[in-house]
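Trainee: compute the structure for the input listed below.
(chains A and B)
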Amino acid sequence: MSTEPPGGEPALAVELTGITKRFPGVVANSDVNIAVRPGTVHALVGENGAGKSTLMKILYGMQRPDEGAIAVNGSPVDFHSPADAIRAGIGMVHQHFMLADNLTVLENVVLGDEPRGGLGLDFAAARRRIREISEAYGLGVRPDRLVDELGVGERQRVEILKVLYRGARILILDEPTAVLVPQEVDELFGNLRDLKAEGLTILFISHKLDEVLSVADDITVMRRGTTVASVAPEETTARKLAELMVGSALPVPELRESTVTDRPVLTVANLTLADADGRKVLDDISFTIHAGEVLGIAGVEGNGQAELVEALMGIRKPDSGSVHLAGEDISRLSTRARRESGMGYIPEDRHRQGVLLEATLWENRVLGHQSRRPSARGPLIDRRSARADTQRIVETYDVRTPGIDVHASALSGGNQQKLIVGREMSGNPVVLIASHPTRGVDVGAQAAIWDHIRRARAEHLAVLLISADLDELIGMSDTLAVILRGRLVADYDPGTVTPQDLGSAMTGAGRDAE
Amino acid sequence: MSGGLAVGQQTAPAARRSRLSPMTYALIALGALLVLSAVRVITGAGDLTSTGSVQAALTAAVPIAMAALAGLWAERAGVINIGLEGMMVLGTFGAGYAGYQWGPWAGVVFGLLLGVLGGLLHAVATVTFGVDHIISGVAINLLAPGAALFLSKQFFADAAGGGQKQSPRIQDAEKVSVPGLPDLLGSIEDKRWFFVSDLAGILRGLTTQVSLLTVLAAVLIAGSAFVLWKTPLGLRLRSCGEAPVAAESLGVNVYKYKYLAVTASGAFAGLGGAILAVTSGQFRDGQTGGRGFIGLAAMIFGNWRPGGLATGAGLFGYTDALALRGSLAVHALLLLLAIALVVVAVWQYREGAPVLSAVSAAIGVLFAWWYFTSDGIPPELVGAAPYVVTILVLALASQRLRAPRAVGEVYRRGEGK
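Mentor: Numbers count the residues shown, from 1 in each chain, chains lettered A, B, ... in the order given. Okay, the predicted model is just below:
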């Protein structure tokens, strides 16, 4: 399979023309056009839900397009299954790793394309081949380890080796950096450059623009299911790309004039919590949030943020310390009692804690309010007024949904989150705890959620904002604190602090900045 | 959009699992044998290691082992087969029907084929139609005994030597001995030396008058180990039980391998039932007596591995055989169990499970106390012994088992993420 017809421009490695794919009720791709030059890293960027993954599934034969043509190395192809795509030299590294934990690396790699010797599988030949590929591209994969024992970066290299083993010359990487820590991202990019140097073509799907700009040779931008632009990385910036992805100017997290009052609403004193091993996950935490104030908490994930929120909501029992809500001691109250006395809570993982995916929107509206009007009347659920109130939330909070009787799973992440915000803002709360409120939502929903937090602040709620997005924290907070190993280690003024300051305080490197 | 900071999300690699070496296994077996000899000497229950007991244990273990093997094939491909019991029943009937007319081997083949039918039924329900595996299995367990009884009335009621609920006699399969060995081992066994005679008794039981059906079972267990772990087919089949979506993404036809596995599972279960019928001389209604479920337990005890399930089946067969030997042997079993539980207690303590260890120790002491304060076991309890041992061993020893990741999940093509 030569990629170069005699005496001309090298044929395009992949050419997608006019691809359209409809699912019941949605058009996932419409008129998508992409041209990928051989031997390059081609990035495909777009927001969540822009249709990138569907497009790649089409290219990998997992789904068939309703319209349009695919050409690989200049010749038209028609894939019915991934096996066809593999045969044409296309390999896919999925975002969620496709590995069996209880099988060895070798078994995972050769599965479906096993070398045979005599009666059984030729383990020696397979091992040899894997070592060869691993060395040729510097992947450092050991064939006889159990996948269960591998870290995330190693698993990804096994995935890459898996497609190389099948002779792929065109690699699709679906959000490969989503699960990696920065050092692993650097390693991955090193691997990608090696692969490119060997003449392989890489299609790289991402929405992390800095990464795209650093590794890609060409960039195609997708928005709402279609391709909107093809740009070269040297001619653009992350901000321009983001605006192409969104189709409008980006929202900026910022607060207007201060609404902070001197009336304390949520007062936490000396909160301490140890885990099962006796290690302190919360260590003597104290803070006060006043009415109309947003307290932002920055920290590397796993430094006690989740435990703090759960202790505040009464999900976990702290070993010592107290929580006062508007002067009243709520330390002994149950989660429901706390909610009823005016605490709203946007949990960090909306699928595990925020909504029931397989329940309708109005049922989700009732959750957490099952003992209160308008959701309940006495011991019974008041279906009619719960539904009416859900309709109100859908309209006020701009939840894009065909109706309040659809399951929450039918909504995009952003719309699910807007529904949660609407629910938590119902029933006149005085405190709003927002844990990663804009994680994994698209830009439009992000702007809307910021708006709602601003409105809550203007209505004199006390807001606790926890986020991994430092720009969001700096822009949305009146006061900033950094949590490190369960302790609040530093306070900052969001007006003067930079993300770099925060970053070093979060990792403990900047203790001198205190 | 601004990326935030994503530091420190590293997942710690799981600690390397220790896999015991063959040497360790040999030492464990040696230790067990030493304990067994000691208990034999202390209690005077010669049956603990006698040739007869071992032969009976082998006979009892084979159908259970086949059921366990059937479970292994299905579950390794991700399908729970709780319908083993029903498929075994079909096997017993098949063996009865063909066995009395055309001899034991015809019975075995026919029983196996009926088992295949049961397996296919389960495959159609669970793989093609996505029925919950437990529901389909229970349905088969309800259906099969009824069907067998109905057919038995149809075919056996008027046959010579048959009845409404049983088939005419089936001739037993051929038995073989290793030439020369039995007499030599027999003379050593009669000496009643500590350890040496016990070893000789057990070896003699394993080499004398062994049914060809038992040999067949051993070959099938070893063969399954080879096929499942050393061939491409086995790798693909196991991948369907671990990560079907990943297998699909690599072009493995998951449906095909699940069908193959569940059909093979039915064949093994049917074979187990057929062996049971042939070795006990006829088909009887209710003959399987829960052996399908015990097989499933043996497979779980054996951590979804052929060697393990064979050990589990052997254990159950052995207690079964002792129960048949009567009160004295079962009384000795109390002491054996007490020692075993104390060993489990020590082991669990070192594994860092103090509660479990305490429970094991307490039950162990209880059994020891029972042994030393009584002279025998009430006959009503003798028959229950195998089940008590089953439950205790399963509950206390099986704490670190690993089932195939996707077992019991209904798989539909193209619905992976």
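Trainee: and the strand or helix carrying A:Ala337, how far out from the chain's middle?
Mentor: Using DSSP states H and E, A:Ala337 maps to helix A:335-340. The gap between where helix A:335-340 is centred and where its chain is centred comes out at 30 Å by C-alpha atoms, centre = their mean, to the nearest Å.
Trainee: and the residue lying closest to B:Thr128 once chain neighbours are set aside, how many neighbours?
Mentor: Distance criterion C-beta to C-beta, 6 or more residues apart in numbering or on different chains; nearest residue to B:Thr128, sequence neighbours excluded, is B:Tyr255 at 7.5 Å. Backbone N, C-alpha and C define where each C-beta goes, glycine included. Look at B:Tyr255: counted by other C-beta atoms under 10 Å in any protein chain shown, it has 17 neighbours.
Trainee: please list the residues of the stretch 401-514 of chain A that sit near chain B.
Mentor: Along the stretch 401-514 of chain A, the residues adjacent to chain B under the rule C-beta under 8 Å from any C-beta of the partner chain are A:Val443, A:Gln446, A:Ser467, A:Ala468, A:Asp469, A:Leu470, A:Asp471, A:Glu472, A:Pro499, A:Gly503, A:Met506, A:Thr507.
Trainee: mind putting those residues in JSON lines, neighbour count included?
Mentor: Listed next are those as JSON lines, based on neighbours: other C-beta atoms under 10 Å in any protein chain shown:
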{"residue": "A:Val443", "neighbour count": "20"}
{"residue": "A:Gln446", "neighbour count": "23"}
{"residue": "A:Ser467", "neighbour count": "25"}
{"residue": "A:Ala468", "neighbour count": "22"}
{"residue": "A:Asp469", "neighbour count": "22"}
{"residue": "A:Leu470", "neighbour count": "23"}
{"residue": "A:Asp471", "neighbour count": "16"}
{"residue": "A:Glu472", "neighbour count": "25"}
{"residue": "A:Pro499", "neighbour count": "18"}
{"residue": "A:Gly503", "neighbour count": "18"}
{"residue": "A:Met506", "neighbour count": "25"}
{"residue": "A:Thr507", "neighbour count": "16"}
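Trainee: helix/strand/coil for A:Gly495?
Mentor: Here A:Gly495 is recorded as coil under DSSP: H, G, I helix; E, B strand; the rest coil.
Trainee: okay, domains of chain B per the record?
Mentor: Per automatic domain parsing, the structural domains of chain B span B:46-324, B:326-399.
Trainee: sorry, back to before: give me the subset of the residues of the stretch 401-514 of chain A next to chain B lying in strands.
Mentor: Using DSSP state E, no member of those sits in strands.
Trainee: centre of the chain versus stretch B:342-353, how much separation?
Mentor: In terms of C-alpha atoms, centre = their mean, the centre of stretch B:342-353 is set 25 Å apart from its chain centre.
Trainee: nope, stretch A:469-486 is what I meant
Mentor: Centroid displacement of stretch A:469-486 relative to its chain, using C-alpha atoms, centre = their mean, is 19 Å.
Trainee: all strands for chain B, in order.
Mentor: Using DSSP E, strands in chain B cover B:175-176, B:210-211.
Trainee: where does the chain have low pLDDT?
Mentor: Here I'm looking at chain A. Applying pLDDT under 70 to chain A flags residues A:1-9, A:25-26, A:48-49, A:179, A:181-182, A:248-251, A:255-256, A:509-514.
Trainee: please refer instead to chain B.
Mentor: Scanning chain B with the threshold set as pLDDT under 70 gives B:1-20, B:390, B:394, B:397-399, B:414-417.
Trainee: let's see it at 50
Mentor: B:1-18, B:417 (pLDDT under 50).
Trainee: surely B:Ala61 meets B:Thr311?
Mentor: No: in this structure, B:Ala61 is not within contact of B:Thr311 by C-beta atoms under 8 Å, at 9.9 Å.
Trainee: between the two, which one's more packed in?
Mentor: Of the pair B:Ala61 and B:Thr311, B:Ala61 is the one with more neighbours under other C-beta under 10 Å, namely 25 against 19.
Trainee: how near is that one to B:Val39?
Mentor: Here B:Ala61 is placed at a distance of 20 Å from B:Val39 (C-beta to C-beta, to the nearest Å).
Trainee: and the residue nearest to B:Thr128, what is it in contact with?
Mentor: By C-beta atoms under 8 Å, 6 or more residues apart in numbering or on different chains, the residues touching B:Tyr255 are B:Val127, B:Thr128, B:Arg413.
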